[in-house]
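Enquirer: Output the structure for:
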Amino acid sequence: MKKPLGELYKGQKGRIDSFNDKALSLKLMEMGFLPGEVIQLSHIAPMGDPIAVSVSGYILSLRLEEANTIIVEC
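Expert: This is a model prediction of the structure:
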């Protein structure tokens, strides 16, 4: 099942499948968000934005708007 990264629940893992935003995808790939990488939603801010994800051995913070451009397969 494919869905945006922002729709995962805390602790859920997925594999990066694709991106919705070509311009932002280059920035994200430079940060380690590569297709095929396993990604886990590790923290959610109290108001729901931003979120922290674990990918490529790093924990990175993303705005929910950015996270929703990453399509993951669960």
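Enquirer: Centre of the chain to the longest helix belonging to the chain, how far?
Expert: If you go by DSSP state H, the chain has its longest helix at helix 22-30. Mean C-alpha position of helix 22-30 versus that of the full chain (CA atoms, centre = their mean, to the nearest Å) differs by 12 Å.
Enquirer: Quick check: mean pLDDT of stretch 2-21?
Expert: The pLDDT scores in stretch 2-21 average 96.
Enquirer: Begin at 739, not 1, for the rest of this chat.
Expert: Sure, I'll start counting at 739 from here, so that last one is stretch 740-759.
Enquirer: Residues contacting it, please?
Expert: 763, 766, 771-782, 789, 791, 793, 800, 802, 805-812 (CB atoms under 8 Å, 6 or more residues apart in numbering). Quick note: C-beta positions are derived from backbone N, CA and C, even for glycine.
Enquirer: Mind checking which of those residues are in strands?
Expert: Those of these mapping onto strands are 776-782, 789, 791, 793, 800, 808-811, per DSSP state E.
Enquirer: Just the buried residues of those.
Expert: Among the ones in strands among the contacts of stretch 740-759, those buried by neighbour count (16 or more other CB atoms under 10 Å) are 777, 779, 782, 789, 791, 793, 800, 808-810.
Enquirer: ok, which pair from the residues you listed is furthest apart?
Expert: Maximum pairwise distance in those, criterion CB to CB, is 19.0 Å, between Ile782 and Ile809.
Enquirer: does Asp755 belong to a helix or a strand, and which?
Expert: Assigned by DSSP states H and E, Asp755 belongs to strand 751-757.
Enquirer: Please identify the buried residues of that strand?
Expert: With the criterion 16+ other CB under 10 Å, strand 751-757 contains buried residues 752, 754, 757.
Enquirer: now those residues as JSON lines including distance to Pro742?
Expert: Formatted as JSON lines, the buried residues of strand 751-757 follow (distance: CB to CB, whole Å):
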{"residue": "Gly752", "distance to Pro742": "10"}
{"residue": "Ile754", "distance to Pro742": "11"}
{"residue": "Phe757", "distance to Pro742": "10"}
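Enquirer: which residues sit against stretch 790-797?
Expert: With CB under 8 Å, 6+ apart as the test, stretch 790-797 has contacts from 743, 754, 769-772, 775-782, 798-800, 805.
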